[in-house]
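Engineer: A predicted structure for the sequence below; I have some questions about it.
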Amino acid sequence: MQLAPPSFALLTNHLTSRNKNTHALITCVLLSPRRVPVLILHLLCTLIGSLCVTGSIIGSRSLEHFTTMHRLPHLANRSFIAGALAQSSRCSKTRGPVEWRGLQRYSTAEATVVTRETAVKMREKTLTMETLSPQVKAVEYAVRGPIVMKAGDIERGLLQGQKHPFTEVIKANIGDAHAMGQKPITFLRQVVALCSFPELLESPSFPEDAKLRASRILQGCGGQSMGSYSASQGVECIRQDIAAYIEQRDKGVPSDWDNIYLTTGASDGIVSILKMLVSGQGLSRSGVMIPIPQYPLYSAAIAELDAVQINYYLDEDHCWALDTNELHRAYLAAKEHCNPRVICIINPGNPTGQVQSKKCIEEVLHFAFEENLFVMADEVYQDNVYSPDCEFHSFKKVLYEMGPEYFNTVELASFHSTSKGYSGECGFRGGYMEVVNLDPEVKAQLVKLLSVRLCPPVSGQAAMDVVVNPPLPHEPSYALFHEEKSAVLGALAEKAQMTERILDAVPGIQCNPVQGAMYAYPRILIPPQAVDEAKSLGMPPDMLYCLRLLEETGICIVPGSGFGQREGTYHFRMTILPSMEKLKVLLEKLRDFHIKFLKKYASLEELER
Amino acid sequence: MTENGLGHREKVLNMNTMNPNVKRVEYAVRGPIVQRAAQIEKEIKEGVKKPFAEVIKANIGDAHAMGQKPITFFRQVVALCVYPDLLEDDKFPDDAKGRARRILQSCGGGSLGAYSASPGIEVIRQDVAKYIEKRDGGISCNPDNIFLSTGASDAIVTILKLLTSGEGKTRSGVMISIPQYPLYSAALAELAAVQISYYLDEDQCWSLDVSELRRAVEAARKHCKPRALCIINPGNPTGQVQSRQCIEDVIRFVAEEHLFLMADEVYQDNVYAEGCRFHSFKKVLFEMGPEYSNTVELASFHSTSKCYMGECGFRGGYMEVINMDPQVKLQLNKLVSVRLCPPIPGQVLLDLVVNPPQPDEPSYALFVKERNANLAILAEKAKLTEQVFNTVSGIRCNPVQGAMYTFPRITLPEKAIAAAEEKGQAPDMFYCMKLLEETGICLVPGSGFGQRDGTYHFRMTILPATEKLKIVLESSLDLSLLWLIPANHFFDAMGEVELSCLSYVKMYLHACLFPRCSVNGLLLSSSPAGGAVCVTDCVPLLHSHLPLAPITQLALTQVDVWCSQTQQRIVGYYQANACVSDSSPTPCALKIADKIAEQCNNAVLLMIDGGKMSPDYRVPPIVMYERKDNRWTLKDKHTIMLRQWEETREIAGQLLESGDQSLLVDFDSHLDDITRDWTNQKLNAKIAELASPANGNV
């Protein structure tokens, strides 16, 4: 008996409409008497199938099974029924199809019973503080730590009408310029908007130079859309722009765009390089030299990677300068218990705001060369230099000027980002790193590592491109861009100066000049009684100080203990980002609070001493 | 000491001193093939001549790069947020402006340039929670459980990071499917966690079997502490959509084994196959009752990169954590805060994905049109891919029920495997490299995703535009026919086999005549022994009870007698299995073929591949085996010749259309009615009439 194709289609249609009885019927009609055993099997299957369909899983399973069969394109030639039958008979090499299906049903039921029993016993979580990764537990990140969380709570409380002795929380905890009211650079936003919605390229309200930049970036994107993944190292033309920017910044020191990697903010680049560097166990475990005070990303990353943190202290009395003797001390001490491999420097300093002199950088590089250390230069504040007698010197440029012996050997990674400078575009998470003298094989490994996360956000890459490739004097957007940029940097310089002036005048507060970056890191006197109180509360004294400040004035700053400080000294970090008026109010409030705080915990004589 | 540049100094960071965990990381999706593809692209730009005009990248699920257009509304809102001056522009619809204003209000300083809270912008987390509630039919979702991320990858790695602890035998083990998306194996390598592989069942359309999970966890327990189970649904690279039953089984399993469940659901909108539906793990978990929904710890991941929008470059994503220990959640908060926040443009885009235009809004019509168009095209391409692949002999492709990939299995000849080994490459890597060099198509070898030993696959996205996809499919088809390797590469000493039109058409008709049965028969040759085997004719034997020894014996004897009378000899055996998707030789086939091989040195065993017998097949639906070292091994395709295949194919089709298959008489029918002639003289004459004289009959 042969099926004509039309009747075959009919059969399969019936089956997909899940009409089991038709299935059986057609099977009967089509099968020759010789196939009686086959027929019986089929009837059995159908019978079981329809039994199961009434509310049980197995029915739907067998249906799924049938529909899968239907989808196969060759059914016009080979019999559907025969195929299905052979499959079930294949499964039934040891048991009949009836048994097989029955057993399956049974085992499902059995599983339910079993888990019911165990589920009662099982109340403990899989992931608890005990089973949590110890490295994660060790991570500390004060910039978004308990004070900031508390500030968030208070803010929410204020919104809900809770009474506090202030009307708003001023967040001076994080270098987040836009949140503090800084306006974005128009040109940058125009370019990114054009990239996001290219139809705007037709709009007359956008300047030609912005359109040109946007078209160029889009050309570099797959399918000319910001929605496609870029290469893991970043969009090629943006990397080229960055290399050109570095060359210009470093007065002609060559930069190869193959050494440029775009990143998700500078943090991402820093962690990636650290990750590459961590190896060994016990005494050979990688040690990472970081400044104290430091930006806590470093300590957090080191904790997470289970590397050894090696502290070298910046010299507060010399405006947070870096002293090579201290580097040697730290290095030698650490050599006892780990293998120092990296030195991290933040210039201009975060949280300390100093700008390193060229001589100091030379000394660091020389030290790194002598001790065979990898240099990580965090230069995200390179545009934030306010003090007229300071100048930013990139590590790369200084390295070059030290001659080929250094320039061809010292391994260096330098980091930059869109989040700081005059653009302050933190939310875009744009950044890049340049690596110098990296082993080619290691470079391949780095690319591999980065590629697992696919690519940095393309909108951030576009923003980065504008930062390194701003309007040129002959371009239509130059005037506005220049005006905006100078306004931002001018205001920051002014605020830096004012902050230092006001804070340094407060008794019990010592503030180094804010030469660069966005922070002041004044040293504060905390009377012994307050220290005792903090101890009894189980928190560092400067934490207590900051907490009280927050509760009384709504000012949110970060205690020095989150950044590290010499034992027995206390600091806090505050940004200089709030607007002039707000900053003034903030500083005055801070002054009043500080005096009140001192009075509360210490007698005046003590203070005078 | 490594020598470099100046030669006297070892680098601080070199292959010996770098992090060994990073060295272990493998990520094939952007591996050597992709790097080579980029190189070739550059070469083409520089004017180097290639046998193709462009590189087609089917290696990565990157919709926009493959020409998919962004959803207008989404991009409008992002542009408005980036450059709020546009809020004054009357070319933008009001609903887009409304969204943009709402988002900007919740950004610090009303600017996209401010950091957000580390778990993401508050209102966007709320929108995500609402979206999940709606998707899961009202099961409540707490915005506090939502963490926005830099693409789903970021969130997945973060959770894995939390889960990794212990040393030696207590080191955390994480169960991942094989084949898997290599992010998982890469993250586990980087974290030095233990990878526990469980295999998906290729024969059952890559479904997941709990007994396999159990096997894997039991085996792993000897050397690590299993802590988590990762599951990708819809599957990447395998494209299957898990049934509700299967999800329930998995949940029961993790509850029983006390595992943390990680559900990668980034393809939740990419379900194409009829009868398949996406079930979120969370929904199923809550429908299983409080006993499960209050205990099983689950993290589910989603992203803006896939589905209908395909906005990979924005790196938007989120995860929802359920039943996470509150203290651990604090730790999670802390950990994500070190990286400050996910990119805000990505967060904005995610907000739009979870909160698209509503029917009463002006942008709704356009949005729905664009979304449906994108999904419809994907569905169509999924179907096309599967269909075309399944016409190629040597490629077997499960239906692409969902996601954006197909992961077909390829059969590689032994010589190719040997050549790959010589080069120190995985055989499928060798295949993909060859494909890239010769056709410009960039695929990812299955070895990058994991596969059962001895099987070979590749992953291909279905994203290229339909015309391009067709090129990809045709090329891979042609290439699998040629086996990519120059024919003379291993022609030496290999026995050639030529199939005549007559023999092929007859066995083909035999299979068609009894479509619901297994059929078999004998291959005959009229040429003398030695040299190439020319199969000139065949005798169809049985169509029922193939393993029945007495009938087979009877048939063999009779055919043998007839052969000696007509100066022919039996040189092989053919069989078509009843199950269309099964073209492997049955024990009975092997036995008979063994018998034949005793008489004839270079006997062949030919299996008709039912899966490839659709009317629009382009290649012979046959798989041939030869006997080597006492085993039946796959015969190199280069040694199989069908002289005028196109003609042969047409003849077969023509006969089938005119119903001439009923003329065919096999030995079985002869036994039913002994007046019928199993040598098929009538049919032979008919075929000879149609075939050109040179077609294999000389």
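Structural biologist: Here it is on my side, so go on. Numbering: from 1, shown residues only, chains lettered A, B, ... in the order given.
Engineer: what ranges of chain A fall below the confidence cut-off?
Structural biologist: Applying pLDDT under 70 to chain A flags the ranges A:1-123, A:143, A:603-609.
Engineer: which residues touch residue B:472?
Structural biologist: Neighbouring residues of residue B:472 by CB atoms under 8 Å, 6 or more residues apart in numbering or on different chains: B:56, B:58, B:441, B:460, B:464. All C-beta spots, glycine's among them, are computed from the backbone N, C-alpha and C.
Engineer: Tell me the most packed of these, by neighbour count.
Structural biologist: residue B:460 (29 neighbours; other CB atoms under 10 Å in any protein chain shown).
Engineer: so how far is residue B:220 from that one?
Structural biologist: With distances taken as CB to CB, to the nearest Å, residue B:460 is found 31 Å from residue B:220.
Engineer: State the number of residues packed around whichever residue of the stretch 201-350 of chain A sits closest to chain B.
Structural biologist: Nearest residue of the stretch 201-350 of chain A to chain B: residue A:222, at 2.9 Å (CB to the nearest CB). The local packing of residue A:222 (other CB under 10 Å) involves 23 other residues.
Engineer: I'd assumed residue B:60 was in contact with it.
Structural biologist: No. The criterion here is CB atoms under 8 Å, and residue A:222 misses it with residue B:60 at 9.4 Å.
Engineer: which residues do those two both contact?
Structural biologist: Joint contacts of residue A:222 and residue B:60 (CB under 8 Å, 6+ apart) are residue A:229.
Engineer: Tell me where chain A has strands.
Structural biologist: In chain A, the segments counted as strands under DSSP state E are A:170-171, A:260-264, A:286-292, A:308-313, A:339-346, A:374-378, A:412-417, A:430-436, A:509-510, A:519-520, A:523-524, A:555-556, A:558-559, A:570-575.
Engineer: got it, and the stretch 201-350 of chain B?
Structural biologist: Assigned by DSSP state E, counting those that start in this stretch, the strands in the stretch 201-350 of chain B fall at B:225-232, B:260-264, B:298-303, B:316-322.
Engineer: List just the one of those strands that sits closest to residue A:493.
Structural biologist: Set against residue A:493 and scored by CB to CB, the strands of the stretch 201-350 of chain B come closest in strand B:316-322, at 36.6 Å.
Engineer: Any chance you could give me the closest one in PDB, C-alpha atoms only?
Structural biologist: This file holds the C-alpha atoms of strand B:316-322, laid out as PDB (Å, rounded to 0.1, in the frame of the first residue of the first chain):
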ATOM      1  CA  GLY B 316      22.700  46.800  28.400                       C
ATOM      2  CA  GLY B 317      21.500  43.900  30.600                       C
ATOM      3  CA  TYR B 318      20.100  42.900  33.900                       C
ATOM      4  CA  MET B 319      19.800  40.000  36.300                       C
ATOM      5  CA  GLU B 320      17.100  39.100  38.700                       C
ATOM      6  CA  VAL B 321      18.200  37.300  41.900                       C
ATOM      7  CA  ILE B 322      15.600  35.200  43.800                       C
END
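Engineer: Sheet-wise, list the partners of that strand with their directions.
Structural biologist: Strand B:316-322 has the following strand partners under DSSP bridges: strand B:146-150 (antiparallel), strand B:298-303 (antiparallel).
Engineer: Using a markdown table, please lay out those strands together with mean neighbour count and mean pLDDT.
Structural biologist: Conversion of the strands paired with strand B:316-322 to a markdown table gives the following (neighbours: other CB atoms under 10 Å in any protein chain shown; pLDDT from 0 to 100):
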| stretch | mean neighbour count | mean pLDDT |
| --- | --- | --- |
| strand B:146-150 | 28 | 94 |
| strand B:298-303 | 27 | 94 |
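Engineer: For residue B:654, find the nearest of those.
Structural biologist: strand B:298-303 (52.1 Å).
Engineer: So which residues lie in contact with that closest one, not counting its own?
Structural biologist: B:149, B:151-152, B:155-156, B:159, B:260-266, B:268, B:280-282, B:285, B:316-324.
Engineer: okay, the strands of the stretch 201-350 of chain B in a markdown table with distance to residue A:350 next?
Structural biologist: Converted to a markdown table, those look like this (distance: least, CB to CB, whole Å):
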| stretch | distance to residue A:350 |
| --- | --- |
| strand B:225-232 | 36 |
| strand B:260-264 | 35 |
| strand B:298-303 | 32 |
| strand B:316-322 | 28 |
